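sequence-free structure coming up:
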């Protein structure tokens, strides 16, 4: 992704980078406190300072190829990169709809609230310059990783219960299929060891390609 739409109607330049601990640290101090003002958010109470190293350690042990990405605003004039969304992936797990094939699994995905970006102490981002569609862009990063890893776009995730039906329907609108609650899960991973309860979502290969194509104008 190279650009994102804004409320003003003008696109802004964005950049997708491998997540660093510095990104997670900045998020923990600047963004997560704003998220934690809203207990209704699915990412309420998350701690990226734990998730990033934990994913790295468990991924190496279990051969799940963990990788994290940061979607941020490029600001070359001020020589800064402002994280606007984070996505932590497990890059090689059994697919939900075909256990003999592999898929990417979105372990954590979070987007910054507007307030977190408009209240940055040094050079806050104006409201009409805040990138939109960050959730879709972050999900696309996962699909793109799957395509690059020759997994044909297969991507899965667990829609956190805190997001309720609203979150589940959001993933449906992105073209994902919801795994029936009676369906058997593959050997792993299970996000937080949750059983199959009708909140696991996945992209079929055709749906992943369609979802990717939809955002081609932003590449």
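Perfect, thanks for sending it. Keep in mind that what you see is a predicted model, and the values were worked out from it rather than measured.

tell me the helix or strand right after the helix or strand bottoming out on mean pLDDT in the chain.
Counting by mean pLDDT, DSSP states H and E, the chain has its least confident helix or strand at helix 48-62, which shows a mean of 65. Sequence order places strand 66-75 as the next helix or strand after helix 48-62, per DSSP states H and E.

same for the helix or strand residue 141 falls within, what does it pack against?
Taking DSSP H and E as the definition, residue 141 sits inside helix 134-148. When contacts are defined as 3 or more CB pairs under 8 Å, 6 or more residues apart in numbering; DSSP states H and E, helix 134-148 sits against strand 66-75, strand 80-94, strand 102-111, strand 155-158, helix 205-214. Just so you know, the C-beta spots here come from the backbone N, C-alpha and C atoms, and that holds for glycine as well.

could those go into JSON lines alongside distance to residue 30, mean pLDDT and mean neighbour count?
Output for those, formatted as JSON lines (distance: least, CB to CB, whole Å; pLDDT from 0 to 100; neighbours: other CB atoms under 10 Å):
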{"stretch": "strand 66-75", "distance to residue 30": "12", "mean pLDDT": "90", "mean neighbour count": "20"}
{"stretch": "strand 80-94", "distance to residue 30": "8", "mean pLDDT": "92", "mean neighbour count": "22"}
{"stretch": "strand 102-111", "distance to residue 30": "13", "mean pLDDT": "95", "mean neighbour count": "24"}
{"stretch": "strand 155-158", "distance to residue 30": "25", "mean pLDDT": "96", "mean neighbour count": "25"}
{"stretch": "helix 205-214", "distance to residue 30": "30", "mean pLDDT": "96", "mean neighbour count": "16"}
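
and the ones you listed: which comes nearest residue 184?
Residue 184 sits nearest to strand 80-94 of all the helices and strands packed on helix 134-148, at 11.0 Å, using CB to CB.

tell me how far that closest one lies from the chain's centre.
Distance, stretch centre to chain centre, for strand 80-94: 6 Å (CA atoms, centre = their mean, to the nearest Å).

how close does residue 48 get to residue 124?
22 Å (CB to CB, to the nearest Å).

more neighbours: those two, which one.
residue 48 (24 against 13; other CB atoms under 10 Å).

isn't the more buried one right up against residue 83?
No: with contact defined as CB atoms under 8 Å, residue 48 does not count as touching residue 83 (9.9 Å).

any shared contact partners between those two?
Common neighbours of residue 48 and residue 83, counting by CB atoms under 8 Å, 6 or more residues apart in numbering, are residue 27.

pull out the buried positions in stretch 174-190.
174, 175, 176, 177, 178, 179, 186, 189 (16 or more other CB atoms under 10 Å).

give the contact list for the first one.
Think residue 174. By CB under 8 Å, 6+ apart, residue 174 lies in contact with 136, 139, 211.

quick check, nearest of the residues you listed to residue 106?
Once CB to CB is applied, the member of the contacts of residue 174 that ends up nearest residue 106 is residue 139, at 7.2 Å.

no further queries at this time; thank you.
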